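> Any chance you can model this:
(chains A and B)
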There are 2 protein chains.
Amino acid sequence: MSVDLSPIDESLLAEIAGLHGMPKGAFNIRRDGQLVERHNSAFIEISTKTDVPGIDIRIAPGTKGETVYIPVIVTQSGLKDVVYNTFYVGEDCDIKIVAGCGIHNASHEASEHDGIHSFYLGKNSRVVYVEKHYGEGEGTGERILNPTTNVYMEENSYCEMELVQLRGVTSTVRDTNAELAAGAKLVLVEKLLTHDNQTAESNMKVELKGDDSSVQVISRSVAQDNSVQIFNPLVIGEAACRGHVQCDAIIMGNAKVKAIPGIEAASEDALLVHEAAIGKIAGDQIVKLMTLGLTEEEAEKEILDDFLS
Amino acid sequence: MSVDLSPIDESLLAEIAGLHGMPKGAFNIRRDGQLVERHNSAFIEISTKTDVPGIDIRIAPGTKGETVYIPVIVTQSGLKDVVYNTFYVGEDCDIKIVAGCGIHNASHEASEHDGIHSFYLGKNSRVVYVEKHYGEGEGTGERILNPTTNVYMEENSYCEMELVQLRGVTSTVRDTNAELAAGAKLVLVEKLLTHDNQTAESNMKVELKGDDSSVQVISRSVAQDNSVQIFNPLVIGEAACRGHVQCDAIIMGNAKVKAIPGIEAASEDALLVHEAAIGKIAGDQIVKLMTLGLTEEEAEKEILDDFLS
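Numbering: from 1, shown residues only, chains lettered A, B, ... in the order given. The predicted model follows:
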């Protein structure tokens, strides 16, 4: 890996983006609000925005099989990094985008990263987007991550988003917005783990505007210790569309979870469903694993890992 | 039936309370803001409140097998009737309460009835409560019904509430609040039909405060024509409790339905689940009934009646 990166940097990049060494193809690595390294490919061009901090990522029509990496790491305490990243995905693409943010905070001052990501998907394009958030460090300073994700989907495009908060994030307010044209399909998977006194709020608004558009929202979370989580997913059906929202939360210790998923049908031909469940790990699941030789702690960890995987 | 009642009055009472003639036992019939007739039984005493309009209904401990009727009818246009009815149910009772409000509006002026009903259930008591709302009349004046229902349940009490809006109600804002002590169980069934340009909003807040308390909320609604419905049921689990919320809505024509059921777990031992679905009548259900000889309209009516029954 580049000589510019410290062992802490490298560890963060491995955690949030699975990177070991510089990736192949197009990528942009940002550290403490500054560009570390950028690379374009034949069909993917990354350029610095001129009006606000951030980058434009332009993917040429017909680009297939490529992966773009745009991870961000923050190791400087007291930094509030705000970045706008905009993806213009041409028609008929089939690509993967790997983002994510890792914070290492060794101080008593807060470190914050607010990433505003917007995606414009051209007709018939397929995008898989993975974003992982992670915090660590011996400092008492807060590790704050407030992502905003906007997705605009043209006819018959497909997008699969996996938004994950691994652990160590003191507080987060997550806003996700999507608009789907006819035939577009969005699969939105959110996985959150909170512990200690952490707080997480997740707001989602998905507008199904075109006929035959559909969305599946899958939210899975684990709230441990004294942490608090709030979920406000809203799906609005304005056409002959289908929407399904599923929120499942495991609550442990003195944690609190509130789920208020909304569905709103403004068309007779909209079919919207949601389900939510909050509860602790079923005792019989733990007992079952303990009969296989695991300790109670191991059994609990196994079940949680499986739930969030 | 009493000579005081007109054919319209009698028809309304039959619609909302199933009454044909004066009921047996304890009852209180209110028309246009005035008492028509009242009767107490050996164990049930109805008295007029001295501070606000309305009545106190005191049910002696151990009362079993009795039914109390407290229907309200409004036939005077331009009347806004606000009434506070409070039920004090002693310990170890097993009773049924039939309320309801029917409006006949023959004018262009609005008629409104706001009933604020509070229930204090003593330990181990069982109450079945049925409340039906209905509007009719050739006038263009609005028929407005804004019920507030408060239920306070002591240890091991049981309450089953069936709250029904039959049809003809121009606008309604429904507030339902419940607090459950240990071992208490509440079954809350709400059925709403809206049509034309009607609007309905239903807010519910159920607090499960004691261990082994439980609530089941079943909401079924049909929104026809240009009507709009909003549902905001919230269940809060503060103990080792169970809550289940189920909202199902059928949408027709240009109607809009929004369901935002919330669940909030503030205890590791709370198990809360909700489900909601909004959609139109499945086409294959209609086809099936049509093969049995029904017309499309008859098939649709059959399915809706079954859904709301």
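
> low-scoring pLDDT stretches of the stretch 51-200 of chain A, where are they?
For the stretch 51-200 of chain A, no stretch is flagged by pLDDT under 70.

> ranges for the strands of it?
Under the criterion DSSP state E, counting those that start in this stretch, strands of the stretch 51-200 of chain A are mapped to A:54-59, A:64-69, A:72-74, A:80-89, A:94-104, A:111-121, A:126-136, A:143-145, A:148-153, A:158-167, A:171-180, A:185-194, A:199-208.

> which one of those lies closest to chain B?
Between chain B and the strands of the stretch 51-200 of chain A, the shortest separation by CB to the nearest CB is 12.3 Å, and it involves strand A:199-208. Just so you know, the C-beta spots here come from the backbone N, C-alpha and C atoms, and that holds for glycine as well.

> Save the strands of the stretch 51-200 of chain A as a markdown table, and put in mean neighbour count too.
Rendered in a markdown table, the data for the strands of the stretch 51-200 of chain A read as follows (neighbours: other CB atoms under 10 Å in any protein chain shown):
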| stretch | mean neighbour count |
| --- | --- |
| strand A:54-59 | 20 |
| strand A:64-69 | 18 |
| strand A:72-74 | 27 |
| strand A:80-89 | 19 |
| strand A:94-104 | 24 |
| strand A:111-121 | 22 |
| strand A:126-136 | 21 |
| strand A:143-145 | 25 |
| strand A:148-153 | 20 |
| strand A:158-167 | 20 |
| strand A:171-180 | 20 |
| strand A:185-194 | 21 |
| strand A:199-208 | 21 |
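
> Reduced to three states, what does the nearest residue to A:G100 once chain neighbours are set aside come out as?
Closest residue to A:G100 in three dimensions, ignoring its sequence neighbours and counting by CB to CB, 6 or more residues apart in numbering or on different chains: A:I16, at 3.4 Å. Under the three-state scheme (DSSP: H, G, I helix; E, B strand; the rest coil), the conformation of A:I16 reads as helix.

> any idea of the pLDDT on A:I16?
Among the per-residue scores, A:I16 shows a pLDDT of 93.

> Can you report how many residues neighbour it?
For A:I16, the count of nearby residues is 24 (other CB atoms under 10 Å in any protein chain shown).

> My read is that it contacts A:H113, right?
No - with the criterion set as CB atoms under 8 Å, A:I16 and A:H113 do not qualify as a contacting pair; they are 11.1 Å apart.

> what's the overlap in contacts for these two?
Residues touching both A:I16 and A:H113 comprise A:C101, with contact defined as CB atoms under 8 Å, 6 or more residues apart in numbering or on different chains.

> Chain B contacts on the stretch 1-150 of chain A?
Contacts of the stretch 1-150 of chain A with chain B, taken as CB under 8 Å from any CB of the partner chain, are absent.

> cool, the stretch 201-309 of chain A as well?
Within the stretch 201-309 of chain A, the positions lying close to chain B (CB under 8 Å from any CB) are A:234, A:237, A:249, A:251-280.

> Select the longest helix from chain A.
Ranked by residue count, the top helix of chain A under DSSP state H comes out as helix A:296-308.

> Check the model's average confidence along it for me.
Per-region confidence: helix A:296-308 scores 86 on mean pLDDT.

> Just the helices from the stretch 201-309 of chain A, written as ranges.
With DSSP state H, counting those that start in this stretch, the ranges of helices along the stretch 201-309 of chain A come out as A:283-291, A:296-308.

> The longest one relative to helix A:283-291, how many degrees between them?
Between helix A:296-308 and helix A:283-291, the angle comes out at 120 degrees (axes from the mean of the first three to the mean of the last three CA atoms, to 10 degrees).

> List the contacts of helix A:296-308.
In contact with helix A:296-308 (CB under 8 Å, 6+ apart) are residues A:191, A:193, A:220, A:222, A:248, A:250, A:281, A:285-286, A:289-290, A:294.

> Leaving out the residues flanking it, which one is nearest to the residue sitting nearest the centre point of chain A?
Among the residues of chain A, the smallest C-alpha distance to the mean C-alpha position (CA atoms, centre = their mean) belongs to A:L163, namely 2.0 Å. Excluding its sequence neighbours, the residue lying closest to A:L163 (CB to CB, 6+ apart) is A:E190, at 4.7 Å.
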